[in-house]
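S.K.: 3D, please:
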Amino acid sequence: MKNVTNKLRVIHFPQVGSKAGFFEVAVKDEEQASFTINLLANQHLWLFKNNVIPYYANIITVEMYDESIDEETGKQYGWSNYWNEEECMEWDEVEETCFQSVAASKHYA
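M.R.: Numbers count the residues shown, from 1 in each chain. Take a look at the predicted model:
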């Protein structure tokens with residue numbers, strides 16, 4: 001698989017519905033994004049199983065920075081959901097195709 005050349009970041013919403021929001025981790029490529037997602041998911045599961053957090057609802061996703069200019073606004077598109085143009089794949093497809101251990105770990109609870 002060909003990696004994208006855009007800047008990437010992993011976004012984690014640790015508790016869905018919380019007013020705390022999210023935090024982000026800059027990553028250098030898809031492999032590092034996959035590792036970070038797996039790390040965050042396993043840590044979140046541990047917190048849940050050990051009654052540190054009340055429920056497991058969280059979201060982890062990958063975003064990429066698009067420097068192209070929006071013709072209507074004249075501004076850069078900025079951060080958006082991951083899309084690999086050359087491979088025609090969204091992040092979930094990349095994860096399932098290239099990082100199967102991460103995709104399988106989504107079903108821990």
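S.K.: Tell me the helix or strand right after the top strand by length along the chain.
M.R.: Counting by DSSP state E, the longest strand found in the chain is strand 59-69. With elements assigned by DSSP states H and E, the helix or strand that comes after strand 59-69 is strand 76-81.
S.K.: you'd agree residue 12 is up against residue 58?
M.R.: Yes: here residue 12 reaches residue 58: they are 6.9 Å apart, a contact under C-beta atoms under 8 Å. In short, each C-beta sits where N, CA and C put it, glycine included.
S.K.: and residue 96, how many neighbours?
M.R.: For residue 96, the neighbour count with other C-beta atoms under 10 Å is 14.
S.K.: and the helix or strand hosting it, what does it pack onto?
M.R.: Element membership for residue 96 (DSSP H and E) is helix 91-98. Other elements packing on helix 91-98 under the criterion 3 or more C-beta pairs under 8 Å, 6 or more residues apart in numbering; DSSP states H and E are helix 30-49, helix 100-104.
S.K.: run the last query once more with 6 Å
M.R.: Helix 91-98 sits against helix 100-104, with contacts defined as 3 or more C-beta pairs under 6 Å, 6 or more residues apart in numbering; DSSP states H and E.
S.K.: I'd like the average pLDDT over the helix it packs on.
M.R.: Mean pLDDT, computed over helix 100-104, is 52.
S.K.: and residue 91, what does it touch?
M.R.: 62, 82 (C-beta atoms under 6 Å, 6 or more residues apart in numbering).
S.K.: Kindly provide the distance from it to residue 22.
M.R.: 16 Å (C-beta to C-beta, to the nearest Å).
S.K.: So, low pLDDT: which residues of the protein?
M.R.: Filtered on pLDDT under 70, the chain yields the residue ranges 101-109.
S.K.: Need the outlier residue of it, farthest from its centre.
M.R.: residue 72 (28.1 Å; C-alpha atoms, centre = their mean).
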